[in-house]
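**Student:** sequence unknown, structure follows:
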């Protein structure tokens with residue numbers, strides 16, 4: 001079935017919700033929404049696997065709102081970053097108020113007193129980062145016994161960030177009689193093991209194999225010496241007129257690059273964990289509104305930043321895993337739009353590129369800039385082998401005989 005033929009009718013969604021979706025101009029359901037929504041409405045535990053930018057959030061927002069409109073329970077959505085928490089809250093805020101359901105984002109970096117006040121208003125949907133939720137849980141500020149739905153969004157990133165102990169603590173504190181959902185673009189074995197422990201015969205919903213990228217994203221890599229990366233960035237930024245998201249590996253690197261980009265004459269902002277929540281919000285909102293054409297970020301922005309129309313993603317530094325490349329470039333080419341991903345690689349990073357190609361099942365085209373000296377990947381060094389050493393000695397002994 002073609003994606004363009006999918007809609008929200010026939011999925012078990014209540015008429016009032018259908019009307020709300022039409023008012024919000026949600027006319028076409030994405031494959032993950034079309035497959036997951038009926039299962040969630042049936043109360044099943046699910047593992048939803050879909051590439052980034054395919055509408056996973058709305059896939060659980062709609063059935064959760066419908067479920068809570070029919071009873072007095074609560075839902076908890078746990079996410080890895082503040083930015084994703086705010087994005088998920090905004091998605092709920094478009095639909096839940098129609099049914100008199102309030103939401104709250106419980107995130108670090110925001111004044112806890114403000115969140116305590118919001119909790120006192122009896123919100124029935126909580127979107128939280130693990131650390132802040134546990135803080136409030138230990139202060140007994142949350143009615144855990146009323147939580148009937150748990151969503152772990154971008155579960156693999158939470159495990160990558162070391163949140164596994166906190167997730168276990170949260171799950172054990174919740175009622176066992178609940179519906180549990182996992183959503184992510186990848187699903188490594190550690191999370192599958194957790195799912196088998198804490199979920200009731202979960203149904204797997206997979207609309208794209210792990211490693212699949214958005215069909216409309218094109219790729220290219222430049223192989224340059226490390227000291228030429230800034231000059232290459234300058235050249236690349238003059239070739240594009242739209243919004244650009246630049247990824248660096250480190251917080252310090254992101255701060256340096258944003259200063260360099262401003263020196264080039266571009267409007268730019270930065271997002272990383274050394275920035276306050278207010279600064280990160282300001283940078284993201286400025287990027288969305290066009291105040292800043294370029295956003296420089298660490299992998300904190302690789303998920304949970306839903307900005308329409310990002311023309312190109314530039315990997316100034318390659319990520320440390322192939323999976324992070326997948327999430328980074330998922331910020332462009334969203335919702336059926338065209339997108340482009342450019343990566344700067346150094347001669348010693350051939351293995352990193354091969355790992356990305358293996359995950360994506362495509363070859364990344366190598367480009368050359370006419371004004372930047374071109375280089376090639378270094379040949380892999382031969383590893384020392386005792387077996388090879390012994391074979392050589394036997395060969396020389398035989399020749400002497």
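**Tutor:** Yep, it's here. In this text, all values refer to a predicted model and were calculated from it rather than measured experimentally.

**Student:** contacts and neighbour counts: CA atoms only from here.
**Tutor:** OK.

**Student:** can you pull the pLDDT of the closest residue to residue 130 other than its chain neighbours?
**Tutor:** Distance criterion C-alpha to C-alpha, 6 or more residues apart in numbering; nearest residue to residue 130, sequence neighbours excluded, is residue 166 at 6.1 Å. Listed pLDDT for residue 166 reads 92.

**Student:** Ramachandran angles for residue 166?
**Tutor:** phi -70, psi -40 (degrees, to the nearest 10).

**Student:** That one: neighbouring residues, count only.
**Tutor:** Residues near residue 166, counting by other C-alpha atoms under 10 Å, number 17.

**Student:** what's the distance between it and residue 38?
**Tutor:** Per C-alpha to C-alpha, to the nearest Å, residue 166 is found 30 Å from residue 38.

**Student:** Check residue 88 too.
**Tutor:** Residue 88 sits 20 Å away from residue 38 when distances are taken as C-alpha to C-alpha.

**Student:** Which one's more surrounded, those two?
**Tutor:** residue 88 (22 against 17).

**Student:** And the residue lying closest to the more buried one once chain neighbours are set aside, what's its pLDDT?
**Tutor:** Leaving aside its chain neighbours, residue 88 sits nearest to residue 57 (6.7 Å; criterion: C-alpha to C-alpha, 6+ apart). Here, the pLDDT recorded for residue 57 equals 90.

**Student:** Mind giving me the packing neighbours of the helix or strand where residue 57 lies?
**Tutor:** Secondary structure assignment for residue 57, by DSSP states H and E: helix 56-69. Judged by 3 or more C-alpha pairs under 8 Å, 6 or more residues apart in numbering; DSSP states H and E, helix 56-69 is in contact with helix 31-41, strand 74-78, helix 82-95.

**Student:** looking at the ones you listed, which is closest to residue 170?
**Tutor:** strand 74-78 (9.4 Å; C-alpha to C-alpha).

**Student:** In terms of secondary structure, what does the closest one contact?
**Tutor:** Against strand 74-78 (3+ C-alpha pairs under 8 Å, 6+ apart) you get helix 56-69, strand 125-128, strand 147-153.

**Student:** now it against helix 82-95, angle please.
**Tutor:** Interaxial angle of strand 74-78 relative to helix 82-95 (axes from the mean of the first three to the mean of the last three C-alpha atoms, to 10 degrees): 150 degrees.

**Student:** Note down every partner strand of strand 74-78 and its orientation.
**Tutor:** strand 125-128 (parallel), strand 147-153 (parallel) (DSSP bridges).

**Student:** what's in contact with the longest one?
**Tutor:** In this case it means strand 147-153. Residues from elsewhere that reach strand 147-153, judged by C-alpha atoms under 8 Å, 6 or more residues apart in numbering: 64, 73-80, 174-175, 177-184.

**Student:** Okay, angle between that strand and helix 56-69 too, please.
**Tutor:** 180 degrees.

**Student:** residues in contact with the following helix or strand past strand 147-153?
**Tutor:** Using DSSP H and E, the next helix or strand after strand 147-153 towards the C-terminus is helix 155-160. With C-alpha under 8 Å, 6+ apart as the test, helix 155-160 has contacts from 79, 80, 164, 182, 183, 184, 186, 187, 188, 191.

**Student:** make it 10 Å
**Tutor:** 78-81, 129-130, 152, 161, 163-167, 181-192, 300, 302-303, 323-324, 327 (C-alpha atoms under 10 Å, 6 or more residues apart in numbering).

**Student:** Likewise for stretch 368-377?
**Tutor:** 220-225, 228-229, 231-232, 235-236, 345-351, 366-367.

**Student:** Model confidence score at residue 276, please.
**Tutor:** Reading off the confidence values, residue 276 has pLDDT 83.

**Student:** mind pulling up the phi and psi values for residue 98?
**Tutor:** Backbone torsions of residue 98, given as degrees, to the nearest 10, read phi -60, psi -30.

**Student:** That one and residue 24: what is the separation?
**Tutor:** Residue 98 is 12 Å from residue 24, by C-alpha to C-alpha.

**Student:** what about these two, which has more around it?
**Tutor:** Set side by side, residue 98 and residue 24 show unequal neighbour counts under other C-alpha under 10 Å, the larger going to residue 98 at 14 against 11.

**Student:** tell me which residues in stretch 113-128 are buried?
**Tutor:** Neighbour counts over stretch 113-128 (16 or more other C-alpha atoms under 10 Å) mark 115, 118, 119, 123, 124, 125, 126, 127, 128 as buried.

**Student:** closest to residue 12 among those residues?
**Tutor:** Nearest to residue 12 out of the buried residues of stretch 113-128 is residue 125 (C-alpha to C-alpha; 21.2 Å).

**Student:** Output the helices and strands packed on strand 74-78 in TSV; the columns should cover distance to residue 20.
**Tutor:** Listed next are those as TSV, based on distance: least, C-alpha to C-alpha, whole Å:
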stretch	distance to residue 20
helix 56-69	10
strand 125-128	18
strand 147-153	22
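
**Student:** most packed of these?
**Tutor:** Comparing the helices and strands packed on strand 74-78 by mean neighbour count (mean count of other C-alpha atoms under 10 Å), strand 125-128 comes out on top with a mean of 24.

**Student:** Distance from the chain centre to it, please.
**Tutor:** 18 Å (C-alpha atoms, centre = their mean, to the nearest Å).

**Student:** same question, stretch 103-122
**Tutor:** Relative to its chain's centre, stretch 103-122 lies at 24 Å (C-alpha atoms, centre = their mean).
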